[in-house]
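A.B. asks: coordinates only, sequence not included:
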């Protein structure tokens, strides 16, 4: 066991873990976060996604020792001041989830996508999201929600308000 | 937890709900959380007797603040049934939707309605829910009548407020009438489905919340990260377990070298019984490591457990059946065929397909206080409770299952198996144990929808009319597993506690409403060599057998239409319209309405298939297929692009016309239809469980691909149809939705590929390589 220092959702956290432990288990079991979930442990499905330096990262295959000092954001950290992120709001407005188990990865992958490309085409959304799997097959509504959120975020930007 | 739980109320009141103060439960209830989510971590003293469905208090709690909680014995797998239950019950009770909440599926606080399955949540279980809510309204009106001194007939109710029609100043709220008290009303009914009071139900025209689309209450916590799932349960002293499965199907355990894992930090124990092996550690990642590291000596079986997947259909066609379905014969198909102008035959193959849930099977069991509490997402939580009690020889009232949200559970998933494993391990360790399967375990060992090999034969007369139609199926469905059976769950099989006789399984038939004068349907079940302890164990997978059966039957109708040079829509309408005066007329009329609605929405241009082939690399076409299931009808049209260079198929547009009677929540229904269709599209395009002669080789999302964002149609149109042929009927009952739409998709896509290319694909899935090979063979 080693002492590992992490910054998660803006808070400094210290945990005792084997350095090779995948970040996912530390987030879930030591830090009690429920957004990232185990889906495959192979980096194939995206259910465990977190944001690290703005990138969507699969925490099931990322050793905890490799992310010390980096700013980690989980689904729980997306809302600010009690206000949902536009993507989360779009997910509700569009009534996206069925079971919802994968939606953590869908939302965070979409966040990274829109941060890179605020106005993606349909083809860019398909491509950008294609490695994030949903077995309830909510893809159609996810894509609609991403477009809805992109529009909302653009109108916020053009209104010269703060953009998260 | 300081506040008393609902469980304690039930216990102290002899199962009935009494004295519920608003503060004690309203907060959690308002989030619609299952009761057990509030009590997780606090194993009660038990026992956990059955909740009495003949007591109104078991179903409905009304608090002093005017809010109500409905307790129902169902589970919501993500289709929004919980929201729909609130709608139908709030409507009958006459209370605002926003003042209600719903508790589902935990065995100690909800009546046993069997959990979920069969898309029957509204079709079957909605009725007792409506009746008990109507009864509660009746009782409240009587209470108001005595309180206000106004006859019941002279009162009106709106949003939980009862007032005198003649003098609205005379008013009293439900909360004032019953809050903090019990109804104390005994219901009747021979079984839970028949539960009823004496109050009549409202007429459809009086329903105000039914037919509207309140947003699902479970979605906000699922998108802000606050939802607590079955995977999230943490208990004091909880251990983590991982299974070690036989590397070869049918292998026998010879020995375990426990020293291979003693050095793993946090190692607690290797549990082995028969061929079941699990490793238990303090932390999750330790258990994963130990399970990988454990040295186990297995003896391979003397004979191959199954043929390799590429030989499966040859094997199935030559195997000796273990059972046969009773043939259904209409008219004289042999004579009709003998006299026909043209006879066509075709074989259709659908491989084993898995549930392959996005989150592998899991459960947590708490053995403290000589009780067993299992935290599970199993859709049939009541069955899990009963099965585990039997498996561990415990009194039923010492076992409860707390149902919580989980990854999709469309049928008999491995959630059943994991629940039993957690229970066994917790009993063995004497501490709470959380077990979760790994991805390769889930994909390889989860229950499978059976493989089908179907032979179709049809005959046309000189005018192109169908004079006979024959269907003969072979289903690899021997030893089809039931739900939560103590003698068939995987851990029971591996530990040698198995049923004396394997279940017969079944070979299912098409359920269309075509009026064909001469028809034969027959089927048989064929076994694989390894019957027990096999990863190719079959169980219900969303609309069990429907996609397989309908792939064959609806592809073949298209083949007949093409042979008759008829438009596929007109051809089906003709088969549905043929004069027949029987009780199928109602279903047939609604089927016709759906075929017409789908064609109209799509903008169907009548012509035979295939269409003249496009030039260029992308060939486009459209295909239609239709299915009927338990009074619900789905007609689907797929528009495809087929890349003739790569064989890649993209379904760019889907249309579904759907009639499931009275619709409770149109937006919820729309999404259930969309997602159900795409689930079946995944089965059409991608899904196949592959195996060699020792083991399943589909073990992850690379070797077992699934539909992705890239495959998603650009447009999905859902048309909700009311095809009732009786114009004076106020409305139809609420039939089921969900599984019906899984039936037609495979055929709709195959028919569209044929329309685009002139090539008929009769083997699922339509992966690029298979389609490309077929195109090349046909010179496309």
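C.D. replies: That came through fine. Because the structure is predicted, anything quoted here is derived from the model rather than measured.

A.B. asks: from now on I want contacts and neighbour counts done on CA atoms only, so please keep to that.
C.D. replies: Fine.

A.B. asks: residue B:752: which element?
C.D. replies: If you go by DSSP states H and E, residue B:752 is part of helix B:745-757.

A.B. asks: what packs against the helix or strand following that helix?
C.D. replies: Once the chain leaves helix B:745-757, the next helix or strand it forms, by DSSP H and E, is helix B:768-777. Judged by 3 or more CA pairs under 8 Å, 6 or more residues apart in numbering or on different chains; DSSP states H and E, helix B:768-777 is in contact with no other helix or strand.

A.B. asks: now helix B:768-777: buried residues?
C.D. replies: Across helix B:768-777, burial judged by 16 or more other CA atoms under 10 Å in any protein chain shown covers B:768, B:770, B:771, B:772, B:774, B:775.

A.B. asks: domain map for chain A?
C.D. replies: If you go by automatic domain parsing, the domain ranges for chain A are A:2-77, A:86-158.

A.B. asks: reformat the buried residues of helix B:768-777 as TSV; add pLDDT.
C.D. replies: Listed next are these as TSV, based on pLDDT from 0 to 100:
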residue	pLDDT
B:768	98
B:770	98
B:771	98
B:772	98
B:774	98
B:775	98
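
A.B. asks: returning to that earlier point: what's the most buried one of the domains of chain A?
C.D. replies: domain A:86-158 (a mean of 22; mean count of other CA atoms under 10 Å in any protein chain shown).

A.B. asks: what about it and chain B, touching?
C.D. replies: Yes. Using CA under 8 Å from any CA of the partner chain, domain A:86-158 reaches chain B at A:88, A:91-92, A:95, A:97-104, A:107, A:126-127, A:129-140.

A.B. asks: which of the residues you listed fall in strands?
C.D. replies: With strands taken from DSSP state E, there is no overlap with the residues of domain A:86-158 next to chain B.

A.B. asks: which of these fall in helices?
C.D. replies: Residues of the residues of domain A:86-158 next to chain B located in helices (DSSP state H): A:88, A:91, A:92, A:103, A:104, A:107, A:126, A:127, A:129, A:139, A:140.

A.B. asks: mind putting the residues you listed into a markdown table with pLDDT?
C.D. replies: Shown next, in a markdown table, are those (pLDDT from 0 to 100):
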| residue | pLDDT |
| --- | --- |
| A:88 | 98 |
| A:91 | 98 |
| A:92 | 98 |
| A:103 | 98 |
| A:104 | 98 |
| A:107 | 98 |
| A:126 | 97 |
| A:127 | 97 |
| A:129 | 98 |
| A:139 | 98 |
| A:140 | 98 |
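
A.B. asks: low-confidence stretches in chain A?
C.D. replies: Per-residue confidence for chain A (pLDDT under 70) gives these ranges: A:160-164.

A.B. asks: where along it do the helices fall?
C.D. replies: Using DSSP H, the helices of chain A run over A:23-25, A:86-93, A:103-116, A:122-129, A:139-158.

A.B. asks: out of the ones in helices among the residues of domain A:86-158 next to chain B, which two sit at the greatest distance?
C.D. replies: Within these, A:92 and A:127 form the most distant pair, 23.0 Å apart (CA to CA).

A.B. asks: re the thing from before, of the buried residues of helix B:768-777, closest to residue A:39?
C.D. replies: Nearest to residue A:39 among the buried residues of helix B:768-777, with distances taken as CA to CA, is residue B:768, at 26.3 Å.

A.B. asks: before we move on, the earlier item: what angle sits between the helix holding residue B:752 and helix B:768-777?
C.D. replies: Computed by axes from the mean of the first three to the mean of the last three CA atoms, to 10 degrees, the angle separating helix B:745-757 from helix B:768-777 equals 40 degrees.

A.B. asks: how far off centre is helix B:745-757?
C.D. replies: 26 Å (CA atoms, centre = their mean, to the nearest Å).

A.B. asks: does any bit of that helix sit next to chain A?
C.D. replies: No. Using CA under 8 Å from any CA, helix B:745-757 stays clear of chain A, with a minimum separation of 14.0 Å.
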